[in-house]
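J.: sequence and computational prediction follow.
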Amino acid sequence: MQSEITIYTDGASSGNPGPGGYGVVLISGKHRLEKSAGFRLTTNNRMELMAVIKGLEALKIPGSKVMVYTDSKYVADSVEKGWVFQWESKAFKKKKNPDLWIRFLKIYRKHNIRFVWIKGHANNPENEICDKLAVDAYSKGSLLKDAGYCPEDENNKLL
């Protein structure tokens, strides 16, 4: 029997929008994988969601039982309270990050996933590692373009 996979995620940005990154820790039995990347211009919420996506996309066996720990209420509540499914039924009209939510739902439906919100910066060792991975990714690494982020959309929504 396959054991449950545990995923810890975090996203960060310096400014919102600004440079940002994500960090992910995947744990399955004795196996551990850490992932991260940084982006030139993005938002904190995009990086929180990207962390979850990258963690789930790293899974090799469809139907895996997964527990995702995140300090993002945006991500955890959107899934656990069913909001994202309502947004999907309305084609994400007037919702932020539709590109990432569509990508998330594609991989989400391949597994048995539960989300648990955890308080950030509260001495949870794995969450602290994810935070460091995320910050280091945009502070120290070469930065990618967040192709789905459109700053113009942010500005237009403020009008």
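T.: Sure, I can see it.

J.: which residues sit against stretch 71-89?
T.: Here stretch 71-89 makes contact (Cβ atoms under 8 Å, 6 or more residues apart in numbering) with 9-11, 45, 48-49, 52, 70, 95, 98, 101-102, 104-105, 108, 113-121, 127. Using the backbone N, CA and C atoms, a C-beta is placed for each residue, glycine as well.

J.: so where's the chain shaky on pLDDT?
T.: Along the chain, the model assigns pLDDT under 70 to residues 1-2, 152-159.

J.: for this structure, what's the longest helix?
T.: When the chain is parsed with DSSP state H, its longest helix is helix 125-140.

J.: that helix packs against which elements?
T.: strand 5-13, strand 18-28, strand 31-42, helix 44-57 (3 or more Cβ pairs under 8 Å, 6 or more residues apart in numbering; DSSP states H and E).

J.: now with 6 Å?
T.: Here helix 125-140 touches strand 5-13, strand 18-28, strand 31-42, going by 3 or more Cβ pairs under 6 Å, 6 or more residues apart in numbering; DSSP states H and E.

J.: can you tell me which of those strands is most buried?
T.: Each of the helices and strands packed on helix 125-140 was scored by mean neighbour count; the highest is strand 5-13, a mean of 27, by mean count of other Cβ atoms under 10 Å.

J.: returning to that earlier point: could the helices and strands packed on helix 125-140 be laid out in a markdown table, adding distance to Glu80?
T.: Below are the helices and strands packed on helix 125-140 laid out as a markdown table (distance: least, Cβ to Cβ, whole Å):
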| stretch | distance to Glu80 |
| --- | --- |
| strand 5-13 | 14 |
| strand 18-28 | 19 |
| strand 31-42 | 23 |
